[in-house]
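S.K.: Here's my sequence, what's the structure:
(one chain, ligands or ions: 1)
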Amino acid sequence: MKSEILALLRERADYVSGQELCERFKVSRTAVWKAINQLKKEGYRIEAVQNKGYLLAKEEEVFGQHELESRMQTAWAGKPVTFYDTIDSTNLRAKLEAESGAGHGTLIVADMQTSGRGRRGRSWNSPAGTNVYFTLLLKPEFAPDKASMLTLVMALAVAEGIRVTTGIDTGIKWPNDIVADGRKVCGILTEMSVEQDYIHYVVIGVGINAGKQEFAPEIAATAADLEEICGNKIPRATLVAEIMKAFEKYYALFLQNLDLSGLLEAYNAVCVNCGKEVRVLDPKGEYVAFAKGIDPAGELLVETADGNIQAIYAGEVSVRGIYGYV
Ligand code: ATP
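M.R.: Next comes the predicted model:
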């Protein structure tokens, strides 16, 4: 009920009487009063005036459970959502939840991770109070070989969520990084549990550098945050809700053909490697090639010096710009 009260107070932007809240949620005055007090404890400034009711002060979002619930506008993605102040890793938590029966669309969000992870055992720096870390749990009914494409679906959703919330046009560094001004503002890590030709679950983890921060020396040259780029504070719960909304839309397009054919144009338009020379870091040997764009399977098509076109699969290789990270 607290999230619904919050949504109503925000929407009305004027006093809402205690009576109206009681009738709307079919609870007693004491129950309304308790809910309001709990919201105040969580950091919301709610003014209570006799004979007028309750008024929510317009101010920064409180990044937490009720803010997230009250902003979610989706049918299934991000429902339910659970917020943690601190967690080891949102992907690990989502996997545990999946094992114990959590459903398709469950979302785990945290303000801080103590063991944030990247691809191939790398780590994701996850300080408190400034960033966004979340994992979306999916229980799809398609074959396991399709699942790696979900990283690209999420990348598109993140780019759209960032654009809608902050106005920043980001790019996607194939396959899983969101970049702005040539630096990384977001990483995506997809993991899954499969049995032969059956997917138990897929978890898609996302870490976004939202607010201003000092980056650790080893990533200072390649990382950026959204606040530094747009000069404004980032409403983190709104950002998560907008990404869920975009994900739902792109996921439906993906399901139509079980590939990225319906998303190719959108992806290639924001892919920062496409139409450029890249360094392909293949475990069998590094080489330079011209990246043409992705194919419907989400592989990057590159043309090598001898004119051959190769489709490279994200699982094994990384791609870099000729002179740097992008
Ligand atoms: P690839 O191209 O293979 O994806 P990557 O270096 O982008 O390579 P990821 O697994 O996507 O690798 O992300 C992990 C890496 O991202 C870390 O090794 C580190 O270099 C960098 N990193 C870690 N935390 C952050 C952060 N908060 N912001 C930006 N970059 C980070």
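
S.K.: Would you mind listing what in the stretch 1-150 of the chain touches the ligand?
M.R.: Contacts of the stretch 1-150 of the chain with the ligand, taken as CB under 6 Å from any ligand atom, map to Gly118, Arg119, Arg122, Trp124, Asn125. Bear in mind the C-beta positions are built from the backbone N, C-alpha and C, glycine included.

S.K.: Neighbour-wise, which one of these leads?
M.R.: Ranked by the number of neighbours (other CB atoms under 10 Å), those place Trp124 first, at 20 neighbours.

S.K.: from memory Val27 sits against Met1, does it?
M.R.: Yes. Counting by CB atoms under 8 Å, Met1 is a contact partner of Val27 at 6.9 Å.

S.K.: Next to the ligand, which bits of the stretch 201-326 of the chain? Give me the list.
M.R.: Within reach of the ligand by CB under 6 Å from any ligand atom, the stretch 201-326 of the chain has these residues: Gly207, Asn209, Ile219, Ala223, Ser318.

S.K.: please redo it, this time with the cut-off set to 8 Å
M.R.: Applying CB under 8 Å from any ligand atom, we find that the stretch 201-326 of the chain lies next to the ligand at 207, 209, 215-216, 218-219, 222-224, 281, 314, 317-320, 325.

S.K.: Which of the residues you listed sits closest to Val109?
M.R.: Val109 lies nearest to Gly207 out of those, by CB to CB, at 11.3 Å.

S.K.: and the strand or helix carrying that closest one, which strands flank it?
M.R.: Here Gly207, judged by DSSP states H and E, is contained in strand 198-208. Paired neighbours of strand 198-208 in the sheet (DSSP bridges): strand 132-138 (antiparallel), strand 183-195 (antiparallel).

S.K.: Could you export those strands as CSV, including mean neighbour count and mean pLDDT?
M.R.: Below are the strands paired with strand 198-208 laid out as CSV (neighbours: other CB atoms under 10 Å; pLDDT from 0 to 100):
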stretch, mean neighbour count, mean pLDDT
strand 132-138, 25, 98
strand 183-195, 20, 96
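
S.K.: In the residues of the stretch 1-150 of the chain next to the ligand, which has the lowest confidence score?
M.R.: Lowest pLDDT among these: Arg119, with 86.

S.K.: Give the bridge partners for the residue nearest to that residue when sequence neighbours are not counted, please.
M.R.: Leaving aside its chain neighbours, Arg119 sits nearest to Leu189 (6.1 Å; criterion: CB to CB, 6 or more residues apart in numbering). Beta-bridge pairing of Leu189 under DSSP bridges involves Gly205.

S.K.: list the contacts for Leu189?
M.R.: The contact partners of Leu189, by CB atoms under 8 Å, 6 or more residues apart in numbering, come to Asn91, Arg117, Gly118, Arg119, Trp124, Asn176, Ile204, Gly205.

S.K.: contacting residues around whichever residue of the stretch 151-300 of the chain sits closest to the ligand?
M.R.: Nearest to the ligand, among the residues of the stretch 151-300 of the chain, is Ala223, at 3.4 Å (CB to the nearest ligand atom). Residues counted as contacts of Ala223 (CB under 8 Å, 6+ apart) are Asn125, Arg183, Lys184, Val185, Asn209, Phe215.

S.K.: Can you list phi and psi of the closest residue to it other than its chain neighbours for me?
M.R.: Residue nearest to Ala223 in three dimensions, not counting chain neighbours: Phe215, with 4.7 Å by CB to CB, 6+ apart. Torsion angles at Phe215 (phi, psi; degrees, to the nearest 10) stand at phi -80, psi 150.
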